[in-house]
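[1] Return atomic coordinates for the entry below.
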Amino acid sequence: MKTKKPPVEEKELGERLLGGTMPRSLARFTKSFLRLPQLNEIYRRAESRIHEPGDDETIFEAILETLGSRLEVSEQDLARIPREGPLLVVANHPLGGLDGLALMSLITRGRQDCKLLANSILDRFEAFQPWVFSVDVLGEENAWRKNAFALKEAARWMRNGGCLAAFPAGQVSNWRWSTRCVSDRAWNPAVASLAKLTNATVTPVFFEGRNSAWFQGAGFVHPRLRTLLLGRELWNCRGTAVRARVGDPIPASQVRNFANVEELNDHLRLRVEALRGTAKQPVRKIEERTFEALAKNPPREDIAREIKNLPEDAELARKGDFVIYSTQASNIPNVMCEIGILREVTFRDVGEGTGKSIDLDSFDEYYHQLFAWDEKAKQVVGGYRLAVVDEVLREKGRKGLYVPSLFSVRKSFYKGMGSAVELGRSFIRPEYQRKFALLGLLWQGIGEFLNRRPDCCVLYGPVSISADYAPVSRNLMVRFLRRKEWSPKLAKSARAKHPFRGSNLPIALKRWLRDEGRSIAEVSAVVSSVEPDGKGVPVLVKHYLKLNGSFVSFSVDPDFENSLDGLIVVDMRDMSDAHLGRYFGEEGMNRMIRARAIRNLEQNKQQERTK
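    Now for the predicted structure:
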């Protein structure tokens, strides 16, 4: 009985990879060291599996199973891959073998009309042939002609509604001195051009992992020696898991908007690199605790009675069924209990919260409570708490304010702001969070609160970024805000008690952030693309930036599920006239415009004196 010829001759493969005739001694080395006989056996066993009656496995899944390896990807991520229509899936290339198997296994779980732009070596394996468009990455004779034909066929495939998977780097990730880490080489823009040519959606995929130190070191001797070791690296991956993250699809309409292929190519790499490190990592808890059961809600009729008994001047704003009130906690004990429960419910929903049955503290006893009341439903639906800084400093000193519990604040901080109001503990009841007009009405209430205190021109307070965000998302937001939305003068007088220690951003994201034209909307889009639930930058962060607010510090709050608090300052004199009119009314807007003119005049005089 004849022995079946292996799909890959060890000597022939070694000669192709090294680019020349291989001596007999080196042929023996390739056979024993590179594990090619074992890989041929893996292929034979996998091929026999897919030919078994009733087995609908692809060759990619069969090889993973035979290797004892597995793909780890969430159902949420799998759902991000469009099931029909022209699609380009781009990924980083950290492993060289396992990631190719994993990428095709991932895509074919949802659609079978997928082909891989792959190394022409796979032509030698019959089971791969229906699944690949072969390109020559080793630069052999007439390679450009073969590659041009493959790209043309791939474009035709996509125009007919098919899916193409590709590793635009063309070669496996390796140690690069320019980035001082293992990363992809420059991406080939020819892959991105396929998306523009075929009106395709693009889905980014990121694979975690890297090849061995042996592999990285071999590249310093000769790049082809590194390529020669790919088979051994695949063999060494037996029994391992490859973890993948899938980003939000980039629609064809957005792909068309890029001015040229180079810009699109850079953006696709950015979207892939943004997925790096998005697997949740446990945040160190300063004190582990369990969540208490929520307190019992007070009777609605008691809450309604307290609100009915409020004096007329407690009402700040009204629209439709909603009314904004402001009063002291001592006037509304049942309402305060309800507010404390709603705060805890709302904050727990986003991975924050005190962990207690109710979110009330000693500051609530003397802070002004501003809250929204739904007259029709007879329930509290949102709120803030506010402190007039001059009043609290006069009666209780700096320790009487909440912000110094998170930040070390100097006297110069308050002097630099002038008369100010601290605000915080903002919440909107979960079932009302899609009523976007409610936040605007709350701010009309804040505007009226300040209209009654005409000396106050500045708002400040903490705004939180939940630990529920992936580390790369929090790091990206903080770096952007420190770079673009920062007050260096006030930052000198406010220091975090628990400073935020962000992990390193991928090089592609660092370079992207250096572009002076970046906006918070663009950052939010990147964050949304990497977060499993698609959330972007927190709504309040975006809201305060629209009001021309500036951040001065970031601190981790260990008593609030390690949420990240950004200390923001909003000088109403810097707000646009449109926002002033919306939240302060015409009289309040005119007051702030006059205050702006006076401040600017004083600043100009100061500059003249220092010349």
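[2] So what's the residue count around residue 257?
    When neighbours are defined as other Cβ atoms under 10 Å, residue 257 has 10 of them. For every residue, glycine as well, the C-beta is placed using N, CA and C.
[3] Chain neighbours aside, what residue packs nearest to residue 186?
    residue 169 (7.5 Å; Cβ to Cβ, 6 or more residues apart in numbering).
[4] typo on my end, residue 167
    Using Cβ to Cβ, 6+ apart, the closest residue to residue 167 is residue 93 (4.0 Å).
[5] And residue 408, which helix or strand is it part of?
    Assigned by DSSP states H and E, residue 408 falls within strand 407-409.
[6] what does that strand rub up against?
    Applying Cβ atoms under 8 Å, 6 or more residues apart in numbering, the contact partners of strand 407-409 are 398, 403, 493-497, 553, 555, 567.
[7] again with stretch 249-258
    With contact meaning Cβ under 8 Å, 6+ apart, stretch 249-258 is reached by 80-82, 86-87, 195-196, 199-204, 264, 267-268, 271.
[8] measure it end to end?
    Distance across stretch 249-258, first residue to last, is 16 Å (Cα to Cα, to the nearest Å).
[9] now it: mean pLDDT?
    Throughout stretch 249-258, pLDDT has a mean value of 94.
[10] before we move on, the earlier item: narrow the contacts of stretch 249-258 to those that are buried.
    80-82, 86-87, 195-196, 200-204, 264, 267-268, 271 (16 or more other Cβ atoms under 10 Å).
[11] farthest-separated two in these?
    Spatial extent of those (Cβ to Cβ) is set by the pair 80 and 196 at 21.2 Å.
[12] Identify the residues contacting residue 498.
    Contacts of residue 498 (Cβ under 8 Å, 6+ apart): 555-558.
[13] again, only this time at 10 Å
    Neighbouring residues of residue 498 by Cβ atoms under 10 Å, 6 or more residues apart in numbering: 286, 406-407, 554-558, 562, 564-565.
[14] measure the residue nearest to residue 167 to residue 272 for me?
    Distance of residue 93 to residue 272, given as Cβ to Cβ, to the nearest Å: 10 Å.
[15] which of the two has more neighbours?
    residue 272 (25 against 21).
[16] pretty sure the more buried one contacts residue 508?
    Yes - between residue 272 and residue 508 there is a contact under Cβ atoms under 10 Å: 8.0 Å.
[17] Let me see the contact set for the residue nearest to residue 167.
    By Cβ under 10 Å, 6+ apart, residue 93 lies in contact with 99-100, 103, 166-174, 184-185, 187, 207.
[18] residue ranges of the strands in the stretch 451-600 of the chain, please?
    458-465, 494-496, 550-557, 563-571 (DSSP state E, counting those that start in this stretch).
[19] how about TSV for the ones you listed, with mean pLDDT and distance to residue 376 added?
    Output for the strands of the stretch 451-600 of the chain, formatted as TSV (pLDDT from 0 to 100; distance: least, Cβ to Cβ, whole Å):
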stretch	mean pLDDT	distance to residue 376
strand 458-465	97	30
strand 494-496	96	42
strand 550-557	96	36
strand 563-571	97	32
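[20] Switch those over to TSV; also include mean neighbour count and distance to residue 340.
    Shown next, in TSV, are these (neighbours: other Cβ atoms under 10 Å; distance: least, Cβ to Cβ, whole Å):
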stretch	mean neighbour count	distance to residue 340
strand 458-465	23	17
strand 494-496	19	26
strand 550-557	23	17
strand 563-571	24	18
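[21] CSV please, covering these and showing distance to residue 594.
    As requested, those are arranged in CSV below (distance: least, Cβ to Cβ, whole Å):
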stretch, distance to residue 594
strand 458-465, 16
strand 494-496, 29
strand 550-557, 22
strand 563-571, 14
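[22] among these, which is nearest residue 303?
    Closest among the strands of the stretch 451-600 of the chain, using Cβ to Cβ: strand 458-465, at 26.0 Å.
[23] tell me which of the contacts of strand 407-409 is nearest to residue 610?
    Among the contacts of strand 407-409, and counting by Cβ to Cβ, the member closest to residue 610 is residue 493, at 20.2 Å.
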